[in-house]
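Colleague: Here's my sequence, what's the structure:
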Amino acid sequence: MTQRYDRPADQPEEVEVTAMLEQAVPVLLEINVPERFKKAEIIGGNIIMSPLRSAHNLTLHRLMSQLDQQLPADMLYTSDVLTPFEIEQHEYCPDIAVVPRAEAEDNNISVCDPAWIACVFEIISPTTRDFDYGVKVGVYARSSIAEYVVFDPYTRSATRYAQPEDGEYTLRQLIHYGKPVHIERPFPIVIETAGLPVDPAAG
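Modeller: Numbering: from 1, shown residues only. Next up is the predicted model:
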C-alpha cells in the first residue's frame, strides 16, 4: 500500500511509504498522520493524505451551519469519521456524513457503518479531485447512500449524485455556485451555494 501526500509548495518531493493492509481493525486507526496533513483516507488500498486549505474549512463550516437549521431532530452530521468499505479496500473519512443521531451522538462513534449514512458531502482538494468525482461515486452508490454531493471551490460548482439503482447513481446534476442544491432523499434539504468560498485561481 502506498502513501500519497498532497504536499505543500515548499516540499517538492513526494513521499512514498509502504504498509500492509492486513490489520483486523481499520488501518487509519493504526497510523499517525503527519501534523500538516489533516485529511487521510484509504482509497483502493492507497493512503491519500491532504492538507486542509482555508476554502475547504470555510466550505465545511458553512455547510454545517445550514445543516444545523434543516436536519430532522433524529439526524446528525459527522465530519471525518472513519467509514470502512472493507470489501473494496477503502477507508473513507467523508467531509460530512449525515447519520442517525442515536448512532453518532449517543455512541460517540469513531468508526461509521456505511449502512447508517443518509447522504455525504465531499469538498474537493487537488489530490482528491479524481477520487471524489471517480471511485467514490461508485462506492457510495453501491452502498445505497441516497445522495452524494461534491462541492468544488476550484470550479465554483457542486455536483449532485442521487437515486442509486443497481450500484449506480441514475441522476447527476451540476449546480453552479449561486444556485441552490436541493437534496431530496431521505428528507429535503436546500443548500445555498452563493456564500461558499472559491479558490482565488478559480475561473
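
Colleague: Mind checking what helix or strand follows the longest helix belonging to the chain in sequence?
Modeller: Ranked by residue count under DSSP state H, the longest helix found in the chain is helix 54-70. Reading on from helix 54-70 to the C-terminus, the next helix or strand found by DSSP states H and E is strand 75-78.

Colleague: Dump that next one to PDB, restricted to CA.
Modeller: Taking C-alpha atoms only, strand 75-78 is exported to PDB below (Å, rounded to 0.1, in the frame of the first residue of the first chain):
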ATOM      1  CA  MET A  75     -30.400  13.000  12.400                       C
ATOM      2  CA  LEU A  76     -27.000  14.500  12.900                       C
ATOM      3  CA  TYR A  77     -24.000  15.200  10.800                       C
ATOM      4  CA  THR A  78     -20.500  14.000  11.400                       C
END
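
Colleague: and that strand, which strands flank it?
Modeller: strand 96-100 (antiparallel) (DSSP bridges).

Colleague: picking up where we left off before, please identify the buried residues of the longest helix of the chain?
Modeller: Ala55, His56, Leu58, Thr59, Leu60, Arg62, Leu63, Gln66, Leu67 (16 or more other Cβ atoms under 10 Å). C-beta here means a position set from N, CA and C on the backbone, and glycine is covered the same way.
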